[in-house]
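Undergrad: Fold the following.
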Amino acid sequence: MKKHNFYAGPSILSQYTIKNTAAAVLDFADMGLSILEISHRSKQFQAVIDEADALVKELLDIPAGYSVLWLGGGASMQFCMAPMNLLNKKAGYLDTGVWASKAIKEARLFGDVDVVASSKDKNYNYIPKDYVVPQDCDYFHYTSNNTIYGTEIRKDPDVGNVRLVADMSSDIFSRKFDVSKYDLIYGGAQKNLAPAGVTLAIVRDEALGHVDRVLPTMLDYRTHVKKGSMFNTPPVLPIYAALQTLRYYKEVGGVEVLEKLDIAKAEKLYEAIDSSRMFVATVPNHEDRSIMNVCFVMKPEYAELEKAFLEFADSKGMVGIKGHRDVGGFRASLYNALPMESVDALVECMKEFQKK
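TA: Reported below is the predicted structural model:
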């Protein structure tokens with residue numbers, strides 16, 4: 001039975017990425033050695049870093065003056081690393097979920113934090129609107145996609161002259177955005193790029209070096225900019241896998257093509273949910289709905305069937321659709337590597353269960 005992988009992360013990877021990475025585990029770059037055992041200082045792996053950097057810049061249309069970094073620690077490390085490097089007195093944050101609130105908690109260790117708006121009052125099922133970013137902030141931070149609650153910000157916020165920082169862990173490479181508006185973009189790779197273990201950061205070089213505090217060497221972005229992500233031993237295997245994904249993205253036509261496919265997948269699933277007599281989406285406002293993580297629950301009159309549907313879906317090969325404990329119900333993650341075939345299978349599964 002074919003499995004359809006809807007895990008929220010670590011999540012589905014393209015077969016291109018899996019096959020090429022698996023081949024390199026056996027023999028990397030015709031060296032007769034595994035990618036698992038070669039030196040990160042070898043010319044063969046330096047070529048991997050160089051190509052990965054170049055493809056990130058090409059696919060995201062990154063202008064001059066930015067550095068691409070491959071770091072450890074996940075997005076959670078960036079929650080403290082970003083304010084450590086950028087926050088002198090005050091930062092603005094938008095609170096749209098668990099990950100945004102975790103970032104706020106860490107930022108408060110380094111200065112004042114102005115939470116300009118929050119959707120906590122309705123369990124984060126919407127994106128706040130009409131908030132004002134104070135122009136005396138050192139930067140404004142937002143989380144573009146909220147995996148737990150199924151909301152997403154798909155337009156670059158207007159923040160005036162304030163520096164802009166974004167956690168794009170779960171929707172980077174799924175939509176076009178203007179990199180020149182940002183001073184820092186970061187994200188764990190385990191959604192749309194690579195296996196867990198590497199974090200992508202894109203930083204404007206000019207934004208660094210303006211805080212008064214002394215920075216630990218490893219937590220100073222300038223250290224990694226200067227050393228080309230090679231100050232310490234980088235996570236070699238996830239970076240190699242990321243390169244395969246980046247090659248695949250270029251091969252299929254780039255971010256514009258991926259975005260169209262992602263929108264089509266999400267529209268099909270949301271339509272099935274909205275037209276159902278049994279299911280209902282947890283995010284009522286269509287413009288706030290994520291195209292990466294579709295969250296839905298049973299309507300109240302069918303609530304007792306939640307476990308039965310999960311068991312039925314599992315019997316049909318649907319993997320990872322159980323919703324996060326903070327929301328309940330179901331969550332289907334539609335990352336770039338997920339084929340339309342899997343969305344069709346889930347929609348058919350839902351229809352079949354309703355008839356049953």
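
Undergrad: Do you have the strands of the stretch 101-250 of the chain handy? List them.
TA: Using DSSP state E, counting those that start in this stretch, the strands of the stretch 101-250 of the chain run over 112-118, 139-143, 145-146, 151-152, 163-167, 184-188, 199-204.

Undergrad: Make TSV out of these and add distance to residue 303.
TA: (C-beta placed from N, C-alpha, C; glycine too.) Listed next are the strands of the stretch 101-250 of the chain as TSV, based on distance: least, CB to CB, whole Å:
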stretch	distance to residue 303
strand 112-118	28
strand 139-143	29
strand 145-146	24
strand 151-152	22
strand 163-167	33
strand 184-188	33
strand 199-204	38
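
Undergrad: Mind putting these into a markdown table with mean pLDDT and distance to residue 322?
TA: Below are the strands of the stretch 101-250 of the chain laid out as a markdown table (pLDDT from 0 to 100; distance: least, CB to CB, whole Å):
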| stretch | mean pLDDT | distance to residue 322 |
| --- | --- | --- |
| strand 112-118 | 98 | 26 |
| strand 139-143 | 98 | 22 |
| strand 145-146 | 98 | 17 |
| strand 151-152 | 98 | 19 |
| strand 163-167 | 98 | 24 |
| strand 184-188 | 98 | 21 |
| strand 199-204 | 98 | 26 |
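
Undergrad: right, so the ones you listed: which one is the most enclosed?
TA: Of all those, strand 145-146 carries the top mean neighbour count, a mean of 28, counting by mean count of other CB atoms under 10 Å.

Undergrad: Paired strands for that one, with orientation please.
TA: When pairing is defined by DSSP bridges, strand 145-146 lines up against strand 151-152 (antiparallel).

Undergrad: Can you tell me what sits against the strand it pairs with?
TA: Outside strand 151-152, the residues that touch it by CB atoms under 8 Å, 6 or more residues apart in numbering are 96-97, 119, 124-127, 144-146, 171, 283, 288-293.

Undergrad: next one: stretch 108-120
TA: Everything outside stretch 108-120 that qualifies as a contact, by CB under 8 Å, 6+ apart, is 80, 83-84, 87-97, 101, 104, 107, 125-128, 131-134, 137-138, 140, 151, 213.

Undergrad: then that stretch to PDB, C-alphas only?
TA: Extracted in PDB, the C-alpha atoms of stretch 108-120 (Å, rounded to 0.1, in the frame of the first residue of the first chain):
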ATOM      1  CA  ARG A 108      13.100  39.600  26.300                       C
ATOM      2  CA  LEU A 109      16.500  38.300  27.600                       C
ATOM      3  CA  PHE A 110      18.200  41.000  25.500                       C
ATOM      4  CA  GLY A 111      15.900  44.100  25.600                       C
ATOM      5  CA  ASP A 112      12.400  45.400  25.600                       C
ATOM      6  CA  VAL A 113       9.900  43.600  23.400                       C
ATOM      7  CA  ASP A 114       6.700  45.300  22.100                       C
ATOM      8  CA  VAL A 115       4.200  42.700  21.100                       C
ATOM      9  CA  VAL A 116       2.400  44.800  18.500                       C
ATOM     10  CA  ALA A 117      -0.500  42.300  18.100                       C
ATOM     11  CA  SER A 118      -1.600  38.800  19.100                       C
ATOM     12  CA  SER A 119      -4.200  36.300  18.000                       C
ATOM     13  CA  LYS A 120      -3.900  34.300  21.200                       C
END
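
Undergrad: Lovely, talk soon.
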